[in-house]
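Q: this one's structure only:
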């Protein structure tokens, strides 16, 4: 989908191209009529300016697209790095939970004691745990 700026640039290019085409046709007619170069020199300058501006607009579009491409590549790298670290964290979390379960088994904790121990590890106070478990 073209953004408004892109539409304006394309309209500018189209306008400049049409203008230069009409002026070029006028120059060709003046040449056929045998007029001197001094008569149509300003038309040639106008045509040159139009094509110069068209080139400048195209250059700006290409430069902007190159910058956007670089930004998108950087974003992709950041997203890949984020995914890598999310996977690592997930893996470490699973290992940590396995180690905790293994230690609780070694200590012979009951299911209730395991629940309380996990809540303590998460940082809850004894009062918060009692309220959460609805016990005294």
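A: Cool, got the structure. Bear in mind that the values here come from a model prediction, so they are computed numbers and not experimental data.

Q: What's the local residue count around residue 11?
A: Using other CB atoms under 10 Å, residue 11 has 10 neighbouring residues. Using the backbone N, CA and C atoms, a C-beta is placed for each residue, glycine as well.

Q: quick one: it and residue 64, what's the gap?
A: 17 Å (CB to CB, to the nearest Å).

Q: residues contacting the residue lying farthest from the centre of the chain?
A: Seen from the C-alpha centroid of the chain, the residue lying at the greatest distance (CA atoms, centre = their mean) is residue 34, 57.1 Å away. Contacts of residue 34 were listed using CB atoms under 8 Å, 6 or more residues apart in numbering, and none were found.

Q: Buried residues, the worst-scoring helix or strand of the chain on mean pLDDT. List them.
A: Every helix and strand of the chain was ranked by mean pLDDT, DSSP states H and E. The lowest is helix 4-32, at a mean of 82. For helix 4-32, a neighbour-count test (16 or more other CB atoms under 10 Å) marks 9, 13, 16, 20, 23, 24, 27 as buried.

Q: Give me the distance between the residue farthest from the centre of the chain and residue 23.
A: Separation of residue 34 from residue 23 (CB to CB) stands at 19 Å.

Q: Report all helices and strands that the next helix or strand after the least confident helix or strand of the chain contacts.
A: The helix or strand immediately downstream of helix 4-32 is helix 37-107, counting by DSSP states H and E. Packed against helix 37-107 by the contact rule (3 or more CB pairs under 8 Å, 6 or more residues apart in numbering; DSSP states H and E) you find helix 4-32, helix 111-121.

Q: Quick one: those as CSV, columns for distance to residue 101 too.
A: Converted to CSV, the helices and strands packed on helix 37-107 look like this (distance: least, CB to CB, whole Å):
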stretch, distance to residue 101
helix 4-32, 58
helix 111-121, 8
